[in-house]
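# Here's a sequence, model it:
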Amino acid sequence: MANNLIPIGQHQNVAMKRYLLLLLLFFLVAFSKQITYRQVENHSFDVGERLEYRVHYGLLNAATATMEIGEKVVYRNNRPCYKVDIYGRSVGVFDLITRINDNWGTYIDTAAIIPHGFYRILEEGRYRKYEYVDFDHQKKEAITTILDKKTKEPREPIISSIPKNVQDMVSTYYYIRTLDYSQIPEGEIITIDAFFDEECYDFKIRYVGKETIRTKVGKFRAIVLQPILPKNGLFTGEDAIKVWISDDTNKIPLKVKASMFVGAIEIDIKRIAGARNGVPVLE
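Residues are numbered from 1 along each chain as shown. The predicted model follows:
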C-alpha cells in the first residue's frame, strides 16, 4: 500500500501544473474572443492638423467651416485615437436668415482608422440635435444616445448592429485620405460600410481621375471623387457632389461642389496649418 502513495510534495507539483494549465487555457479562450483590429497605413494626417474653408453660394459667402485634429492622441475603448472636430458657422445674410452653429466630431483609431465614438451638436435656426454614438467593435454594436432638446437629459440608448470596420460620417473622409489612388482605376467605385442615424448603409464613392485646380492656398494637382447619392429632392442626380483632394501624401480636401436644384454650393480651402508633410503647392 505504501508504494501506491504519492508524497505530499509531488501532490503539490501535480496540483500546480493543473492550475497553470487551466490558467493558460483561460487566457487563450479570453484572448481568442478579443477583436483583432486591422492595420491601415496612414501617412496623410496627424495630430495638430487644421483646415479652414469658405462656404459660398456663388459670390455670396454662406458659412465658414473648420476641420481640425486635436493636439494630442486620446484614448477610447483602451485604443489610441485622433479627436477630430468639424465646425460649421453661418455668416452674413445667411446668419440672419438661419443661424447655423454645428459641431460634428469623432474619435478615430490611429491604427485601424475606424471610429470609437461619434457626436453631433447641431443648432440650425430653431432645430436642435445632440447625439453621441459609442462604437463597440468587439460586440459589433453602435449605441446611440440622443439628449432631450430642452432638458439635455439622455434618452433611452438605441443599440444597432454594425459590420466590421464600419465608419461614421466624419471618419469616412479621413479614411479615404489613406487610400492609394495609384492602384485604383478611373471610374471604379469605392464602397465603405457606414453608420448614420441609427442605420448602416453602403457609402459609395467614384474615383473620377485627376485635375489641376487653383485655390486660395495655391495651385494643386488633385484627385477627383464623386460620392454616389440616392435619389432625393435636394441634389440634381447621383453625381451632384464632386470632391477634390490633393494628389500628394497629405490628400487634403481642397474643394467640394454640390449641384442643387436651387443652385450650386461650393466649399473652398482658404488655410492649411499643421499638415503632416508640408504643403507642396505647384505654384
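# so what's the residue positioned nearest the centre of the chain up against?
By C-alpha atoms, centre = their mean, the mean C-alpha position of the chain lies nearest to Ser171, the distance being 0.7 Å. Contacts for Ser171 (C-beta atoms under 8 Å, 6 or more residues apart in numbering) come out as 84, 106, 108, 113-115, 118. For glycine as for every other residue, the C-beta is placed from the backbone atoms N, C-alpha and C.
# Of these, which belong to strands?
84, 106, 108, 115, 118 (DSSP state E).
# List just the nearest of these to Ile176.
For these, the residue nearest Ile176 by C-beta to C-beta is Ile108; the value is 12.5 Å.
# close enough to count as contact, that closest one and Gly117?
No. In this structure Ile108 lies outside contact range of Gly117 using C-beta atoms under 8 Å: 9.5 Å.
# show me where pLDDT drops low in this structure?
1-17, 19-20, 22-34, 230-237, 260-263, 283 (pLDDT under 70).
# Go ahead and name everything in contact with the host helix or strand of Ala258.
For Ala258, the host element (DSSP states H and E) is strand 253-260. Here strand 253-260 makes contact (C-beta under 8 Å, 6+ apart) with 51, 67, 173, 177, 213, 215, 217, 220, 222, 234-237, 240-246, 264-269.
# ok, then the element right after the host helix or strand of Ala142?
Taking DSSP H and E as the criterion, Ala142 maps to strand 141-146. Next along the chain after strand 141-146, taking DSSP H and E as the criterion, comes strand 158-161.
# Tell me the strands beside that following strand, with direction?
With DSSP bridges as the test, strand 158-161 is paired with strand 141-146 (antiparallel).
# Next, the buried residues of stretch 114-122.
By neighbour count, with 16 or more other C-beta atoms under 10 Å as the criterion, the buried positions of stretch 114-122 are 114-121.
# related to what we said a few turns ago, for ChimeraX, write the selection for the buried entries among the contacts of strand 253-260.
Filtering the contacts of strand 253-260 down to the buried ones (16+ other C-beta under 10 Å) takes a single ChimeraX command:
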select :51,67,173,177,213,215,217,220,222,235,240,241,242,243,244,245,246,265,266,267,268,269
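# In helices, which of the contacts of strand 253-260 fall?
Those of the contacts of strand 253-260 mapping onto helices are Tyr173, per DSSP state H.
# Now, the contacts of strand 253-260 that are in strands?
51, 67, 213, 220, 222, 241-246, 264-269.
# can you tell me how far the closest residue to Val281 other than its chain neighbours sits from His56?
In this structure, Val281 finds its nearest non-sequential neighbour in Gly218, 3.0 Å apart by C-beta to C-beta, 6 or more residues apart in numbering. Using C-beta to C-beta, to the nearest Å, one gets 19 Å for the distance from Gly218 to His56.
# More neighbours: which of those two?
His56 (18 against 14; other C-beta atoms under 10 Å).
# what pairs with Lys129 across the strands?
Leu122.
# Go ahead and confirm it touches Leu122.
Yes. Counting by C-beta under 8 Å, Lys129 does reach Leu122; the two are 4.3 Å apart.
# just checking, the residue nearest to Val281 touches Val279?
Yes. Between Gly218 and Val279 there is a contact under C-beta under 8 Å: 7.3 Å.
# how about the residue nearest to the centre of the chain, phi and psi?
Main-chain torsions, Ser171, degrees, to the nearest 10: phi -60, psi -30.
# Could you report the distance from it to Gln138?
Ser171 is 18 Å from Gln138, by C-beta to C-beta.
# ok, now Gly125?
Per C-beta to C-beta, Gly125 is found 40 Å from Gln138.
# before we move on, what about Arg177?
From Arg177 to Gln138 the distance is 26 Å (C-beta to C-beta).
# Apart from its chain neighbours, what residue comes closest to Asp148?
Arg155 (6.3 Å).
# can you pull the contacts of the one you found?
145-148.
# Can you mark which positions in stretch 68-79 are buried?
Residues 68-70, 76, 79 are the ones in stretch 68-79 that count as buried (16+ other C-beta under 10 Å).
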